[in-house]
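Asker: Need a 3D model of the following:
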Amino acid sequence: MRLTPEQRKIEEAYKTARTSGAYDQIWQTVGRCVFCDHDQTQKQHEIYEENGVYMTVPAYAYVDGHLLVIPRRHVRSVKELTPEEWEVMRKLFYLAKKMIREVHGVKGMQIVLKDGVTAQSTVEHLHFHCIPFDAPDLSVWNYRDLAHTPYENAEKYRAKSKKLQKLAKRFGEKYE
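Answerer: I've put the predicted structure just below:
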């Protein structure tokens, strides 16, 4: 596919949008679901689709090799996925890892799930980032001192075991 001079200019701007701060102004003004409302630019970044789930190179990638796996239909959470969609996603994660290695020579990959309103900056549309990982510089965590030991945290969860069982049962009734 050949790009027009205007398309080429847009593509070049994507390369530095994350580091220049341009992305910060863009995502706050989108006002629509960018995964449902594809424009032609986004369509040309898609590289694979199967059974309503597609893999694409994000316009605003974190690093070279970054891929997204997205259900075509608008779902907000993993709990809304069908078993078939989950199976296709699992396959696309495998393909993403293999292709990242093939194309960019990076053996590691992180999968970042964007599920729920607070985890997603622009849309409430479930998506997964498949990010080449060869050094920890990309994922800098703001660690916090723990208020509880790991054992104490495990006890807190175990104390809620009835709630956990109830939620597991509800999930089975609702989604299986």
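Asker: Please count neighbours and contacts with C-alpha atoms only from this point.
Answerer: OK.
Asker: How is the residue positioned nearest the centre of the chain assigned, secondary-structure-wise?
Answerer: When the chain is reduced to its mean C-alpha position, the nearest residue by Cα atoms, centre = their mean turns out to be Phe128, at 2.2 Å. Judged by DSSP: H, G, I helix; E, B strand; the rest coil, the three-state class of Phe128 is strand.
Asker: That one - nearest residue in space that isn't next to it in sequence?
Answerer: Among residues not flanking Phe128 along the chain, Leu113 sits closest, at 4.6 Å (Cα to Cα, 6 or more residues apart in numbering).
Asker: Surely that neighbour is in contact with His125?
Answerer: No. Taking contacts as Cα atoms under 8 Å, Leu113 lies outside contact range of His125: 10.9 Å.
Asker: which one of the two has more residues nearby?
Answerer: With neighbours defined as other Cα atoms under 10 Å, Leu113 and His125 compare such that His125 has more, 22 against 17.
Asker: Just say helix, strand or coil for that one.
Answerer: Under the three-state scheme (three-state DSSP), His125 adopts coil.
Asker: Just list the residues touching it, thanks.
Answerer: Shown in contact with His125 (Cα atoms under 8 Å, 6 or more residues apart in numbering): 33, 35, 74-77, 115-116.
Asker: and those, which are buried?
Answerer: 35, 75-77, 115-116 (16 or more other Cα atoms under 10 Å).
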